[in-house]
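Novice: with the sequence up front, the predicted model follows.
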Amino acid sequence: MQQLSLASAEGKSATHRAAALIAQKSFEAKRIYTHTFPLAEVPTAIRYARDRVDDAIKVIVQNRAV
């Protein structure tokens, strides 16, 4: 799977939030991404990543159906 990374000034904040979630065992650490979208929904995926919709930490866009 190829990934497109969107960098932002909130990288450290997201890292701290992810570390806290891992420590709380809120999700499986191997699945560090929080949201997955199909290629057809790139604008929505970008909005989730940019605006932190639904506490998005890492958003994945796949080129196949989710």
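Specialist: Yep, that arrived. Please read all numbers here as calculations on a predicted model, not as lab measurements.
Novice: from now on I want contacts and neighbour counts done on CA atoms only, so please keep to that.
Specialist: Will do.
Novice: just give the closest residue to residue 37, not the sequence neighbours.
Specialist: Nearest residue to residue 37, sequence neighbours excluded (C-alpha to C-alpha, 6 or more residues apart in numbering): residue 61, at 4.9 Å.
Novice: helices of the chain, residue ranges please.
Specialist: Remark: helices assigned in the chain by DSSP state H are 11-23, 42-51.
Novice: looking at those, which is buried most?
Specialist: Across the helices of the chain, averaging neighbours per residue (mean count of other C-alpha atoms under 10 Å) puts helix 42-51 on top, at a mean of 16.
Novice: hmm, who's touching that helix?
Specialist: Here helix 42-51 makes contact (C-alpha atoms under 8 Å, 6 or more residues apart in numbering) with 6, 36, 37, 53, 54, 56, 57, 58, 59, 60, 61.
Novice: just give me the least confident of those residues.
Specialist: Within the contacts of helix 42-51, pLDDT reaches its minimum at residue 6, with 53.
Novice: low-confidence stretches in the protein?
Specialist: 1-12, 27-31, 65-66 (pLDDT under 70).
Novice: now the residue nearest to residue 37: how far from residue 45?
Specialist: In this view, residue 61 and residue 45 are 7 Å apart by C-alpha to C-alpha, to the nearest Å.
Novice: joint contacts of these two?
Specialist: With C-alpha under 8 Å, 6+ apart as the test, residue 61 and residue 45 both reach 36, 37.
Novice: point to the residue nearest the middle of this protein.
Specialist: Centroid-nearest residue in the chain: residue 58, 1.6 Å away (criterion: C-alpha atoms, centre = their mean).
Novice: quick check: phi and psi on it?
Specialist: When read as degrees, to the nearest 10, the backbone of residue 58 gives phi -140, psi 120.
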